[in-house]
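K.L.:
Here you go, sequence then predicted model.
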Amino acid sequence: MTSPTQIADGVHLATGTDVNWLLLQDGDALTVIDTGYPGDADRLDASVRALGREPGDVAAVLVTHAHVDHVGSIERWWRDHGVPVLVHEEELANVRGERHESATPLDVARRAWRPRTALWAARITRAGGTAHVTAPHARTWTGDGPLDLPGRPVPVHTPGHTSGHTAFLLADAGVLVTGDAIVTAHATTSRRGPQQLPGFFAADPTLAARSLERFRDLDADTIAPGHGPVWQGCPTDAVDHALAPRR
């Protein structure tokens, strides 16, 4: 377990099993964005404690989208600590288990002949990648603009990866949390830098690409992705990199 890395004032990034989550700190208060796989639960707890807080002190968990590598601990945190879980209204059906917009084991098995994919699949399986995590208690945020939470995150709806996939702009810190809309690396590919995930991960790959245009006018100089290292640069450049044809 490595301690969270501060990437901007009050913004910390932690890494689990090939996936990241964010901790937004304002004094003694925290907001957490995503929670890793179920097997990352102890790492998640440790990342909160590394900032001098306990899981029960978290004001809310914001979910970029309801894939298992991003919601692994929300059930436990609700059960043990009553931490609220907030998602975009279009993602409620996914996080409550009423709809399934995710790559299936068959999708992965068809690509398991590739060594990178096979190793990644084995690793995430050990981390609980086949678990079906739901949060019937999840609710949506209300209103436009910054949420009344530590870090004052501004939701940016970017459908395509899932119907309710949401990025978050941390305007005061100059950070754009992109979830899986833009990543900077993934274990299934050797490509590095801003990119989209392979198409089989997305519910609607065409819509996912189109949604990236919503990033272009945002004021940020740091990209904090769901997978891969932090990237320094403006959102427009990140989008251009992500949409560039693969060679």
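P.N.:
Okay, I see it.
K.L.:
All the strands of this protein, residue numbers only.
P.N.:
5-8, 11-15, 20-26, 29-33, 58-62, 85-87, 139-140, 154-157, 166-170, 175-179, 222-225, 231-232 (DSSP state E).
K.L.:
What lies in contact with the longest helix along the chain?
P.N.:
Looking across the chain with DSSP state H, the single longest helix is helix 115-126. Helix 115-126 is contacted by residues 17-18, 37, 39, 69, 108, 111-112, 129, 187-190 when judged by C-beta atoms under 8 Å, 6 or more residues apart in numbering. In this view, the C-beta of every residue, glycine as well, is placed from N, C-alpha and C.
K.L.:
what about 10 Å?
P.N.:
By C-beta atoms under 10 Å, 6 or more residues apart in numbering, the residues outside helix 115-126 that reach it are 17-19, 37, 39, 68-69, 105, 108-112, 114, 129-131, 186-190, 198.
K.L.:
Of the residues you listed, just the buried ones, PyMOL syntax please.
P.N.:
Applying 16 or more other C-beta atoms under 10 Å to the contacts of helix 115-126, the buried members can be selected in PyMOL as follows:
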select buried, resi 17+18+19+37+39+68+69+108+111+129+186+187+188+189+198
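K.L.:
Helices along the protein, start to end?
P.N.:
So, for the chain - with DSSP H - the helices run 41-49, 68-71, 74-81, 92-95, 105-109, 115-126, 205-211, 235-243.
K.L.:
Deepest-packed of the ones you listed, please.
P.N.:
helix 68-71 (a mean of 25; mean count of other C-beta atoms under 10 Å).
K.L.:
Can you find the helix or strand in the chain with the smallest mean pLDDT?
P.N.:
helix 105-109 (a mean of 66; mean pLDDT, DSSP states H and E).
K.L.:
before we move on, the earlier item: most tightly packed of the strands of the chain?
P.N.:
strand 175-179 comes out most buried of those by mean count of other C-beta under 10 Å, with a mean of 28.
K.L.:
before we move on, the earlier item: want to try CSV for the strands of the chain, with mean pLDDT and distance to Trp78 as columns?
P.N.:
Converted to CSV, the strands of the chain look like this (pLDDT from 0 to 100; distance: least, C-beta to C-beta, whole Å):
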stretch, mean pLDDT, distance to Trp78
strand 5-8, 97, 27
strand 11-15, 97, 20
strand 20-26, 97, 16
strand 29-33, 97, 13
strand 58-62, 97, 9
strand 85-87, 97, 6
strand 139-140, 96, 11
strand 154-157, 98, 20
strand 166-170, 98, 19
strand 175-179, 98, 20
strand 222-225, 98, 24
strand 231-232, 98, 32
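K.L.:
quick one: which of those is nearest Glu75?
P.N.:
strand 85-87 (9.1 Å; C-beta to C-beta).
K.L.:
Partner strands of the closest one, with direction?
P.N.:
strand 58-62 (parallel), strand 139-140 (parallel) (DSSP bridges).
K.L.:
re the thing from before, mind putting the strands of the chain in JSON lines, distance to Ala242 included?
P.N.:
Converted to JSON lines, the strands of the chain look like this (distance: least, C-beta to C-beta, whole Å):
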{"stretch": "strand 5-8", "distance to Ala242": "19"}
{"stretch": "strand 11-15", "distance to Ala242": "19"}
{"stretch": "strand 20-26", "distance to Ala242": "17"}
{"stretch": "strand 29-33", "distance to Ala242": "20"}
{"stretch": "strand 58-62", "distance to Ala242": "22"}
{"stretch": "strand 85-87", "distance to Ala242": "23"}
{"stretch": "strand 139-140", "distance to Ala242": "27"}
{"stretch": "strand 154-157", "distance to Ala242": "15"}
{"stretch": "strand 166-170", "distance to Ala242": "12"}
{"stretch": "strand 175-179", "distance to Ala242": "9"}
{"stretch": "strand 222-225", "distance to Ala242": "10"}
{"stretch": "strand 231-232", "distance to Ala242": "10"}
